[in-house]
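1. Need the 3D shape of this:
(one chain, ligands or ions: 1)
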Amino acid sequence: MRASAKGSSVSQPVKLESSTSLSQADLHAIALLTERVTELDGVRPLSEQVMLSLLSNTGTPTEHICAWQGARLVGYANLLRVNGADAASVEIAVDDQGRRLGAAGELLDQALRETSGYLQLWAHGYAATTAQLAESRGFIRVRELYRMRRPLTGDLNSGGLPKSIAIRPFDATRDTDDWLELNARAFVDLPDQGNWTRADLEARLNEDWFDPAGFLLAHEVQQDGSQGALVGFHWTKIHHHEHTSDAGNDNLGEVYVLGIDPQRQAQGLGRALTMAGLRYLQHQGLSEVMLHVESDNSAALATYERLGFTRFDKDTLYRSPVPARPSA
Ligand SMILES: CC(C)(COP(=O)(O)OP(=O)(O)OC[C@H]1O[C@@H](n2cnc3c(N)ncnc32)[C@H](O)[C@@H]1OP(=O)(O)O)[C@@H](O)C(=O)NCCC(=O)NCCS
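-> I've put the predicted structure just below:
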């Protein structure tokens, strides 16, 4: 067991260990490392998807590369091999000691070796040290994800839903299939979200923060008043006492996932459902709300900017400079 950080010195070399599973002690060391890096940079080094894959089995083949200096974990790389994706995706966390020792570069080079160079790398935050690392290896920027926020103060009652649409909370016993189907159709251009499986959904439903009351479903109301098709959803999240620059405070809501049936888009539903979720978060006593949005998602950007959201940070996806994988 190597839970202790005692006894490590700057002169000891970094040793890399690759594996497809982790012990409880390793998981604990990664959690502590993640906290140290978040403290150092003011932004989480590992995405929610990676944190969830560490805590529960979402079925995505994962490789772990740990950088040890003696008994101290000074760096960690999480290598996800998403089915059907052209390249594996890596996220790297390295603490201050690991940075002095060049652990980030070693982890990235190891990930490149293990994927024959077909690798994507996420860098979180405007001032991401990972971004410098990516650029030092000639990686190319391929995608940006903005983080936006707005206060939850004032009157949020504008933008009501039409009478033909009713909102109610998600119910896992009857809504799971309909939601997965609509999520796949609404996010057909965003596979990270649109490819969610039942296991991906259930991992989130089992999280401590999950509250069905904040997962709003919008259904059509039929002539006889009964429930019709699911046409949209706004899943909100509340960050409780998390240390993250996403928050900047402990009182933060999130537009976690928002989707409208493609047949019903551009009819005002996205705006109305966003407002319904913001009202819910305001009623929970929250003072601010944030969200993530792709920099090229013009419909979502228009929706959020018109509702007063402004950009405050971004995540960047880089791709290694290898030619496209030859087709089989
Ligand atoms: C983004 C999304 C939720 C917006 O919902 P919507 O019902 O289509 O949008 P609305 O009709 O309510 O329009 C909201 C605003 O965006 C604008 N807008 C809508 N579609 C647009 C488009 N394709 N391009 C530019 N602006 C657009 C509207 O003009 C409106 O602005 P206005 O209030 O000034 O008139 C919806 O398009 C969607 O589900 N997209 C796929 C999933 C997704 O990307 N979700 C967001 C992830 S962050």
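2. Now do the helices in this structure.
-> 24-41, 48-55, 96-100, 103-114, 129-136, 172-186, 191-194, 198-205, 269-283, 298-306 (DSSP state H).
3. Run the chain-centre distance for the second one.
-> The gap between where helix 48-55 is centred and where its chain is centred comes out at 9 Å by Cα atoms, centre = their mean, to the nearest Å.
4. Return the list of helices and strands in contact with that helix.
-> Applying 3 or more Cβ pairs under 8 Å, 6 or more residues apart in numbering; DSSP states H and E, one finds that helix 48-55 makes contact with helix 24-41, strand 72-80, helix 198-205. C-beta coordinates here come from the backbone N, C-alpha and C atoms, glycine included.
5. could you give the mean pLDDT of that helix?
-> Averaging pLDDT along helix 48-55 yields 87.
6. same check, this time on the shortest one
-> Along helix 191-194, the predicted local confidence has a mean pLDDT of 91.
7. do the same with the last one
-> Averaged across helix 298-306, the pLDDT comes to 97.
8. and the angle from that helix to helix 269-283?
-> 40 degrees (axes from the mean of the first three to the mean of the last three Cα atoms, to 10 degrees).
9. Would you mind confirming that residue 121 makes contact with residue 112?
-> No. Counting by Cβ atoms under 8 Å, residue 121 stays clear of residue 112, with 9.6 Å between them.
10. and for these two, which residues touch both?
-> Taking Cβ atoms under 8 Å, 6 or more residues apart in numbering as the criterion, residue 121 and residue 112 both touch residue 320.
11. which of the two has more neighbours?
-> More neighbours surround residue 121 than the other of residue 121 and residue 112, with 26 against 19 (other Cβ atoms under 10 Å).
12. how about that one, what does it touch?
-> Neighbouring residues of residue 121 by Cβ under 8 Å, 6+ apart: 89-92, 108, 130, 133-134, 139, 317-320.
13. right, and the helices of the chain - which one's nearest residue 79?
-> For the helices of the chain, proximity to residue 79 was assessed by Cβ to Cβ; helix 103-114 is nearest, at 5.5 Å.
14. Please name every helix or strand in contact with the closest one.
-> Short answer (3+ Cβ pairs under 8 Å, 6+ apart): helix 103-114 packs on strand 15-19, strand 62-69, strand 72-80, strand 88-94, strand 119-124, helix 129-136.
15. What separation is there between whatever residue of the chain ends up closest to the ligand and residue 148?
-> Nearest residue of the chain to the ligand (Cβ to the nearest ligand atom) works out as residue 270 at 1.9 Å. Distance from residue 270 to residue 148, counting by Cβ to Cβ, to the nearest Å: 15 Å.
16. picking that back up, out of the contacts of residue 121, who has the most neighbours?
-> Neighbour tally across those (other Cβ under 10 Å): the maximum, 29 neighbours, falls on residue 92.
17. was I right about that one contacting residue 74?
-> No. Taking contacts as Cβ under 8 Å, residue 92 lies outside contact range of residue 74: 11.6 Å.
18. list the contacts for residue 283?
-> Residue 283 touches nothing, counting by Cβ under 8 Å, 6+ apart.
19. repeat for residue 227
-> By Cβ under 8 Å, 6+ apart, residue 227 lies in contact with 166, 219, 220, 221.
20. Confidence-wise, which of the helices and strands packed on helix 103-114 is weakest overall?
-> Among the helices and strands packed on helix 103-114, helix 129-136 scores lowest, at a mean of 89.
21. Which elements pack onto it?
-> strand 88-94, helix 103-114, strand 119-124, strand 310-319.
22. Measure how it sits relative to helix 103-114, angle-wise.
-> Using the same axes, to 10 degrees, helix 129-136 lies at 50 degrees relative to helix 103-114.
23. any residues touching helix 129-136, and which ones?
-> If you take Cβ under 8 Å, 6+ apart as the criterion, helix 129-136 is touched by 41, 45, 92, 94, 99, 104-105, 108, 121-124, 316, 318.
24. mind redoing it with 10 Å?
-> With contact meaning Cβ atoms under 10 Å, 6 or more residues apart in numbering, helix 129-136 is reached by 37, 40-41, 45, 90-94, 99, 104-105, 107-108, 120-125, 128, 139-141, 315-320.
25. residue closest to the middle of this structure?
-> With distances taken as Cα atoms, centre = their mean, the residue of the chain nearest its centroid is residue 48 (4.2 Å).
26. Could you list the paired strands of the strand ranked longest in the chain along with their orientation?
-> As assigned by DSSP state E, the longest strand anywhere in the chain is strand 227-240. As defined by DSSP bridges, the strand partners of strand 227-240 come to strand 215-221 (antiparallel), strand 251-260 (antiparallel).
27. Run through the stretch 101-250 of the chain and note the low-pLDDT ranges.
-> Confidence mapping of the stretch 101-250 of the chain against pLDDT under 70 gives the ranges 127, 241-250.
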